[in-house]
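S.K.: here is a sequence together with a model predicted from it:
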Amino acid sequence: MKPLHLLALMLFLAGTVWALTRSEEAVREIQAAYYSAVSPFLKSGSAMETRARALLDEVEHSKALAAETDTLRAEVGRLRIIESRFRELERENAQLRHALDFPKTTNFEVVAARVVRRHPTTWWQTLEIDAGSDRGIGTQLSVLSNEGLVGKVHRIDSGGDRASVLLITDEQCLVSARVEGTPEVGIVSGRRGHFEGTPRLRLRFLSKDAAIRPGLRVFTTGRGGIFQPNILIGTIESVEKGPLDSEAVVRPSVNFEDLGTVFVVLANDS
Amino acid sequence: MIRYTLITVLLLLAAFVAQQFIPAFTGLYHSRVLLVHLVFLCAAVTVGAPAMLLLAFIGGFLWDAHCAIGPHGGDPEVYSQPVESLRFGYSILLFAALGYLMQGVQPLFRQGKWQVSAALTGIAILIYLLAEYLLINFVRGEFHFRAAVAGQVVLTAGMTMLFSPLVFWLLFKLSELCQNPILPAAGNKRRRRR
C-alpha cells in the first residue's frame, strides 16, 4: 500500500470514528446546518413535486375533484357554523371555570399545514409540511389528520417555514395506546420497508390473556408527554398471543398515501 | 489532478442539491434515482484511493445528515423500551466499501471499458440498499423481507444505473477541462491508431 493511501485511510478512519461518536445534540446541529444550506433547493424541489402531483390529480380526476370541491365547500360552511357555536361554548366554559376556580385540564390548539413532500428518504417514514417555527411549531408535537393520528414533528427547518413529520408507521415513532372498552394498554409502533398496500402497526406489551378482538379501535392514552389522549390510531385487525404477552396488528385509521392537509397540535399540556 | 478532485467534490455537492428535486415513484414501490450515490460511484472509479475516501466521507456524512431522524423524546417511564436506530455516520463506511468495489474495476475503466463500471454502479447500489436494509433489520432484531422491499431495491438500482452513462460523460468532459485524462489507456490507443 502506498504511503499516501495509508495516510488517507488513517485520516478517513479517524473521521469516521469522529462522526460515529457524535452525540444526539451534535447530530442535530450538523443536520440543522445541512438543511439550512439546502433549504432554498428543498423549497423549489417540494414545490415542483406538489405541482406535479396536483397536475396528475387534475388530469385523472378533474370531474371528481369538482364534485368534491362542491361537497367540501358545503362542509366548510357547516363547520364554520359549528365552530362559531363551539367558540361561544368555549368562552362560556372559560367563564364558568374562572367563576368556579376550576383548573384547566386540556388545551388543544392546532395549526393546519399542507404536505409538501412525501418519502424524502429511502427507508425512513417521514413527510414534510409547509409550516414551522414561524407558526409556533416545535419538535415533539403531535400531528393529526381528520382521520386520526399521523405522527410527530421531529425536525424544524432553520428557515422556520417547514417541518419534518415522523409517521407512526416508522418504527422509531412509539405511541402509548389503549384498546377501547378494555383495560389493555400497550405501545404502538410501525415497521420500515412496508410500502405495499396499507402499512400495518403493531400494538405490543398487551397482557398475556388480553380480551381483545379484531374490530376494536385503538386510541392514544395521553401518557408519555407527546401525544394527547383519545386520538384514534386505528382498528385491531388480528391478535397474536405469546407465552408472556400478546400483540395485535393494527390497521391505521389514516390513509398515509392520500395525506394532503395535516394538523399540528401546538399545546402539549394535556 | 487536484483540480479534478476538487471538481468531483463540487459535483457531489451539486448532486445533493439535485437530489432534492427527485421524488420517489410511489407507484413503483417508492423507488427513486439515487443521484448522490451514482455521482459518488462514478467518480470513485475515476480517481485514486485517497480522493475516493475523501468523496466517501463527504458523501456518507452529508447523506446521514439528510436522513437522520430526530431524538425519540417522551417520558422514559412510558417508553421504557429504547428505540435502537442506525448511528449517524454509518453511511460513510458503506460509501467507502462501495468505493473500493468500484476501484476494483479501475484497470478495465482505464482501458476505456467504462460500460463495465456503468453496470457495476447498478450492482453497487443494489448492495448498498440491501446492506442498509439488513442493518435496519439487525438493529431491530427481527428479519422481514417482503416482495415490495425487493421491488424497491431492484427498481432503485436499475433506474439509477440508467443514468450512469450521463454521469460518466459529464466526468469525461470535466476531466478534459482539467486536462486530467481519466482514460489514459484509451487515449494511448487512440494516439497509436493516428
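M.R.: Structure received. Residues are numbered from 1 along each chain as shown, chains lettered A, B, ... in the order given.
S.K.: which helix or which strand is home to whichever residue of the stretch 151-270 of chain A sits closest to chain B?
M.R.: Evaluated by Cβ to the nearest Cβ, the stretch 151-270 of chain A has A:His154 as its residue closest to chain B, separated by 3.3 Å. The C-beta positions use only the backbone N, C-alpha and C, and glycine is treated the same way. Using DSSP states H and E, A:His154 falls within strand A:148-156.
S.K.: same check, this time on A:Gly186
M.R.: strand A:185-189.
S.K.: re earlier: ok, the strand holding A:His154: who's next to it in the sheet?
M.R.: The partner list of strand A:148-156 in its sheet, established with DSSP bridges, is strand A:142-145 (antiparallel), strand A:163-167 (antiparallel).
S.K.: quick one: pLDDT of B:Leu12?
M.R.: Here the pLDDT value assigned to B:Leu12 is 95.
S.K.: ok, now B:Pro82?
M.R.: 61.
S.K.: next up, phi/psi of A:Asn230, please.
M.R.: The phi/psi pair for A:Asn230 (degrees, to the nearest 10) reads phi 60, psi 30.
S.K.: ok, it - contacts?
M.R.: A:Phe219, A:Thr220, A:Gly222 (Cβ atoms under 8 Å, 6 or more residues apart in numbering or on different chains).
S.K.: could you do A:Ser253 as well?
M.R.: Neighbour list for A:Ser253: A:Glu147, A:Gly148, A:Leu149, A:Arg217, A:Leu232, A:Ile233, A:Gly234, A:Thr235 [criterion: Cβ under 8 Å, 6+ apart].
S.K.: any idea which residue sits dead centre in chain B?
M.R.: Nearest to the mean C-alpha position of chain B, counting by Cα atoms, centre = their mean, stands B:His37 at 2.1 Å.
S.K.: gap between that residue and A:Leu9?
M.R.: Counting by Cβ to Cβ, to the nearest Å, the separation of B:His37 from A:Leu9 is 21 Å.
S.K.: likewise A:Asp134?
M.R.: Note on A:Asp134: its distance to A:Leu9, by Cβ to Cβ, is 46 Å.
S.K.: got it, and A:Thr198?
M.R.: In this view, A:Thr198 and A:Leu9 are 47 Å apart by Cβ to Cβ.
S.K.: take the contacts of A:Asn230 and keep only those in helices.
M.R.: Taking DSSP state H, every one of the contacts of A:Asn230 sits outside helices.
S.K.: show me chain A divided up by domain.
M.R.: A:24-104, A:109-270 (automatic domain parsing).
S.K.: single out the most deeply packed of these.
M.R.: Using mean count of other Cβ atoms under 10 Å in any protein chain shown, the stretch among these with the largest mean neighbour count is domain A:109-270, at a mean of 19.
S.K.: surely the residue of the stretch 151-270 of chain A closest to chain B is in contact with A:Leu167?
M.R.: No: if you go by Cβ atoms under 8 Å, A:His154 and A:Leu167 don't touch, sitting 9.9 Å apart.
S.K.: any common contacting residues for those two?
M.R.: A:Thr126.
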